[in-house]
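J.: next comes the sequence, and after it the predicted model I'd like to discuss.
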Amino acid sequence: MPTHVPAETHGDERGALLAFLEAQRGGVRRTLLGLTDEAAARRPSASELSLSGLLKHVAQTEQGWLEIAQELPPSIKRDESTWHLGFQLEEGETVAGMLAYWDGVAQRTEELIRSVPSLDDTFPLPEAPWFPPHARQSMRWLVLHLIEEIARHAGHADIVRESLDGATAFALVDEERALREKQAVQEPESAGQ
C-alpha cells in the first residue's frame with residue numbers, strides 16, 4: 001500500500017496493530033472515491049467481485065470476527081444459499097451506508113482491542129470444519145487476521161478500480177489527500193461564519 005503507517009508511540013503494540021488495520025481499511029475505502037453506487041457495483045473483470053461487494057464483505061467479516069471474539073451470537077447468518085449476499089449490496093443498501101456501518105464496526109473493534117487486559121487473552125473459535133476442535137485464538141491473532149483479510153481484499157479492490165476507470169492506488173491516495181486538504185481549508189472558513 002502506498003502509505004506510511006506510523007505506530008502511535010514507540011513500543012505501543014496495540015496502537016501499531018490498530019494503525020495497520022486502519023491503513024488496510026483505508027485501502028478499500030479509497031477505491032470507492034468518486035464512484036456512484038452503480039459504478040461501485042460493476043464487475044469489470046472475470047471475477048464476480050465488485051467494489052461495493054468487497055466493501056460489504058470486509059465490513060461484515062470484521063463484524064463477524066468481533067462477535068466471535070466477544071463470544072456473541074452472529075448478527076449476520078449466512079449459509080450456502082445466502083453466501084453471495086455478503087458480496088453485493090441489497091435493496092436499500094448504499095455505499096455510503098455501508099461505509100458508515102463499517103466505521104461503527106471499526107470503532108467497536110478498536111474499543112475491544114484497547115479494553116482487553118492483554119493481547120494474549122483468548123477466545124474460542126466456533127465449531128467449523130476449517131478450525132481445529134476446541135481451538136482458541138488471542139486478541140493479537142484477531143487483529144493480525146483482520147489485517148490479513150482486509151489487505152487481501154484491498155488488493156482485489158485495487159484491481160477492480162483500475163479495471164473500472166484506470167485509477168491506481170497511488171492516484172487515489174493523492175485524490176484522498178487533496179480532498180482532506182480541501183476540507184481542512186473549508187472547515188476554518190465555515191467556523192468563522
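T.: Structure's in. What do you need? Quantities reported herein were computed from a predicted structural model and do not represent experimental measurements.

J.: CA atoms for contacts and neighbours, from now on please.
T.: Fine.

J.: buried ones in the helix or strand hosting Ala100, by neighbour count?
T.: Secondary structure from DSSP states H and E places Ala100 in helix 95-115. In terms of neighbour count (16 or more other CA atoms under 10 Å), helix 95-115 has its buried residues at 95, 98-99, 102, 105-106, 109-110, 113.

J.: remind me what it packs against, helices and strands.
T.: helix 13-30, helix 51-69 (3 or more CA pairs under 8 Å, 6 or more residues apart in numbering; DSSP states H and E).

J.: what angle separates the shortest one from helix 51-69?
T.: Just to be clear, that refers to helix 13-30. Between helix 13-30 and helix 51-69, the angle comes out at 150 degrees (axes from the mean of the first three to the mean of the last three CA atoms, to 10 degrees).

J.: quick one: residues contacting the residue nearest to Ala169 when sequence neighbours are not counted.
T.: Once flanking residues are discounted, Ala169 sits nearest to Asp158: 6.3 Å by CA to CA, 6 or more residues apart in numbering. Residues near Asp158 by CA atoms under 8 Å, 6 or more residues apart in numbering: 27-28, 31, 168-169.

J.: how about those, which pair is most distant?
T.: Farthest-apart pair in those is Val28 and Thr168; separation 12.2 Å (CA to CA).

J.: neighbour count winner among these two?
T.: Using other CA atoms under 10 Å as the criterion, Val28 and Thr168 rank with Val28 on top: 26 against 16.

J.: alpha carbons of the least confident helix or strand in the chain by mean pLDDT, as PDB, please.
T.: Within the chain, confidence by mean pLDDT, DSSP states H and E is lowest for helix 169-191 among all helices and strands, at a mean of 87. Output of helix 169-191 as PDB, limited to C-alpha atoms (Å, rounded to 0.1, in the frame of the first residue of the first chain):
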ATOM      1  CA  ALA A 169      -3.800   3.200  -5.600                       C
ATOM      2  CA  PHE A 170      -1.200   6.000  -5.900                       C
ATOM      3  CA  ALA A 171      -3.600   8.300  -7.700                       C
ATOM      4  CA  LEU A 172      -6.400   7.500  -5.200                       C
ATOM      5  CA  VAL A 173      -4.000   8.300  -2.300                       C
ATOM      6  CA  ASP A 174      -3.300  11.700  -3.900                       C
ATOM      7  CA  GLU A 175      -7.000  12.300  -4.500                       C
ATOM      8  CA  GLU A 176      -7.800  11.400  -0.900                       C
ATOM      9  CA  ARG A 177      -5.000  13.800   0.300                       C
ATOM     10  CA  ALA A 178      -6.400  16.600  -1.900                       C
ATOM     11  CA  LEU A 179      -9.900  16.100  -0.500                       C
ATOM     12  CA  ARG A 180      -8.600  16.200   3.100                       C
ATOM     13  CA  GLU A 181      -6.700  19.400   2.400                       C
ATOM     14  CA  LYS A 182      -9.700  21.000   0.800                       C
ATOM     15  CA  GLN A 183     -11.900  20.000   3.800                       C
ATOM     16  CA  ALA A 184      -9.300  21.400   6.200                       C
ATOM     17  CA  VAL A 185      -9.400  24.800   4.400                       C
ATOM     18  CA  GLN A 186     -13.200  24.800   4.300                       C
ATOM     19  CA  GLU A 187     -13.700  23.900   8.000                       C
ATOM     20  CA  PRO A 188     -12.000  27.100   9.400                       C
ATOM     21  CA  GLU A 189     -13.900  29.200   6.800                       C
ATOM     22  CA  SER A 190     -17.200  27.700   7.900                       C
ATOM     23  CA  ALA A 191     -16.400  28.000  11.600                       C
END
